[in-house]
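Trainee: I'll drop the sequence and a predicted model, then ask my questions.
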Amino acid sequence: TQLLEQSPQFLSIQEGENLTVYCNSSSVFSSLQWYRQEPGEGPVLLVTVVTGGEVKKLKRLTFQFGDARKDSSLHITAAQPGDTGLYLCAGDYTGNQFYFGTGTSLTVIP
Amino acid sequence: IAGITQAPTSQILAAGRRMTLRCTQDMRHNAMYWYRQDLGLGLRLIHYSNTAGTTGKGEVPDGYSVSRANTDDFPLTLASAVPSQTSVYFCASKLQGSTDTQYFGPGTRLTVL
């Protein structure tokens, strides 16, 4: 059973386009994190959101935590080839243990 | 500062053999984790340790064991490897709180034949 479902699973877009990745669950999380992973490496944390409705911006990336703390989205504006990678969401609802989503593989074509 | 190191980088193992994956961190983090990553399934938590001397089971603990004798080291042991344990294994650590940054090692690619 996957606690966190991400969509889409794969996404291929042209440089300069905008995109949104979704992370959904039926469980309420105390916090939710977004990671980016490149081939052959471990995931790297992008952001942590803890408050329902919270919006955080990291340059061209905008992260939102749902009001009920069950879902989150990642929006990338004007995607660049350097944004290519696997994006993972991870939720903590048991305290100090993170459950990861299935991942969204993003390819940005120059 | 090295952060988190894992060894070996990759390993091919015959089914039934015993294998220990090593993980060491030099950041004095209290919490450490072992995950496996399989295509289409994301990362799944195998075992975790909130502090030295304590361990807990994650989502997929069967066939794996861990120990946490000190703060820095968190080895993962496969007592008798099976082909379904073929995966990429990641070790991670973080300071303590749930919002603290979790740092990942470079991973160990394990193939069980």
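Mentor: That came through fine. Worth saying up front: this structure is predicted, and the values here are computed from it rather than measured. Numbering: from 1, shown residues only, chains lettered A, B, ... in the order given.
Trainee: spatially central, which residue of chain B would that be?
Mentor: residue B:34 (2.9 Å; CA atoms, centre = their mean).
Trainee: now residue A:12: which helix or strand?
Mentor: Taking DSSP states H and E as the definition, residue A:12 sits inside strand A:10-14.
Trainee: just want the angle from the next helix or strand after that strand to strand A:10-14.
Mentor: Per DSSP H and E, the first helix or strand lying C-terminal to strand A:10-14 is strand A:19-24. Relative orientation of strand A:19-24 versus strand A:10-14 (axes from the mean of the first three to the mean of the last three CA atoms, to 10 degrees): 160 degrees.
Trainee: sorry, back to before: the residue nearest to the centre of chain B bridge partners, please.
Mentor: residue B:47, residue B:91 (DSSP bridges).
Trainee: tell me the contacts of it?
Mentor: Taking CB atoms under 8 Å, 6 or more residues apart in numbering or on different chains, we find residue B:34 in contact with B:21, B:23, B:45-48, B:58, B:64, B:66, B:74, B:76, B:89-92. Every C-beta, even on glycine, is put in place using the N, C-alpha and C of the backbone.
Trainee: for chain B, which residues are neighbours of chain A?
Mentor: Proximity of chain B to chain A (CB under 8 Å from any CB of the partner chain) is limited to residues B:4, B:31, B:33, B:35, B:40-45, B:48, B:50, B:56, B:58-59, B:90, B:92, B:96, B:98-99, B:101-107.
Trainee: going through those, which ones are buried?
Mentor: Neighbour counting by 16 or more other CB atoms under 10 Å in any protein chain shown classes B:4, B:31, B:33, B:35, B:42-45, B:48, B:50, B:58-59, B:90, B:92, B:98, B:102-105, B:107 among the residues of chain B next to chain A as buried.
Trainee: would you pull up the residue in chain B closest to chain A?
Mentor: residue B:104 (2.9 Å; CB to the nearest CB).
Trainee: ok, the residue nearest to residue B:96 when sequence neighbours are not counted - how many residues close by?
Mentor: Nearest residue to residue B:96, sequence neighbours excluded (CB to CB, 6 or more residues apart in numbering or on different chains): residue B:30, at 4.6 Å. Number of residues near residue B:30 (other CB atoms under 10 Å in any protein chain shown) recorded here: 17.
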